[in-house]
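J.: task: produce atomic coordinates for the following.
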Amino acid sequence: MIYATQADYEEFTNQSAPTNFERLAEKTSKFVDRMTLNRIDSDNVDHMEAAKKAVCAQIEFELSIDPLLADMKNVTSFNAGSFSMGFGGEGQSFERLCQEAYTYLFDQGLLYRGVSSK
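T.: Here you go, the predicted structure:
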């Protein structure tokens, strides 16, 4: 399920949506589902609102990162002394939920990994 529309993103960020918004929204919604262990209840208005805001915040965050750094699987080497970074090939892939998206989901209990008391 895609949690945010282009109109949602534009309202949330007060910016035009990127031309590839649909692809980003689908990818980011799947990422949010993975982070929440598929706990978002489509019948729960608060869950859906948190998911929508989290997707918008995550897309905004990812677009703010330099494109080479956003796709860390392109990093093949990294040195700290006299800073050097190599790109290309199959390196490690990193996915990170931005703090704003984390907060929206956490506040609804969607990131809780413990045992339910019910």
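
J.: need the pLDDT of the residue nearest to M35 when sequence neighbours are not counted.
T.: Nearest residue to M35 in three dimensions, chain neighbours excluded: L97, at 5.4 Å (C-beta to C-beta, 6 or more residues apart in numbering). All C-beta atoms are positioned from the backbone trio N, CA, C, and that covers glycine. pLDDT, L97: 91.

J.: how far away is L97 from L111?
T.: From L97 across to L111, the span is 8 Å (C-beta to C-beta, to the nearest Å).

J.: burial of T28, as a residue count?
T.: 22 (other C-beta atoms under 10 Å).

J.: looks to me like it is in a helix.
T.: Yes: counting by DSSP: H, G, I helix; E, B strand; the rest coil, T28 falls inside a helix.

J.: how close does the spatially closest residue to A25 that is not a sequence neighbour sit to I59?
T.: Leaving out its chain neighbours, the residue that sits closest to A25 by C-beta to C-beta, 6+ apart is I2, at 5.1 Å. Distance, I2 to I59, using C-beta to C-beta: 11 Å.

J.: E22 too?
T.: 11 Å.

J.: between these two, which has more neighbouring residues?
T.: I59 (24 against 13).

J.: run through the residues that contact that one.
T.: 4, 9, 21, 24-25, 28 (C-beta atoms under 8 Å, 6 or more residues apart in numbering).

J.: redo those as a markdown table? Include secondary structure.
T.: Conversion of the contacts of I59 to a markdown table gives the following (three-state DSSP):
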| residue | secondary structure |
| --- | --- |
| A4 | coil |
| Y9 | helix |
| F21 | helix |
| L24 | helix |
| A25 | helix |
| T28 | helix |
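
J.: neighbour-wise, give me the winner out of those.
T.: Of the contacts of I59, with other C-beta under 10 Å as the count, A4 tops at 25 neighbours.

J.: so that residue touches M48, yeah?
T.: No: taking C-beta atoms under 8 Å as the definition, A4 is not a contact partner of M48, at 10.1 Å.
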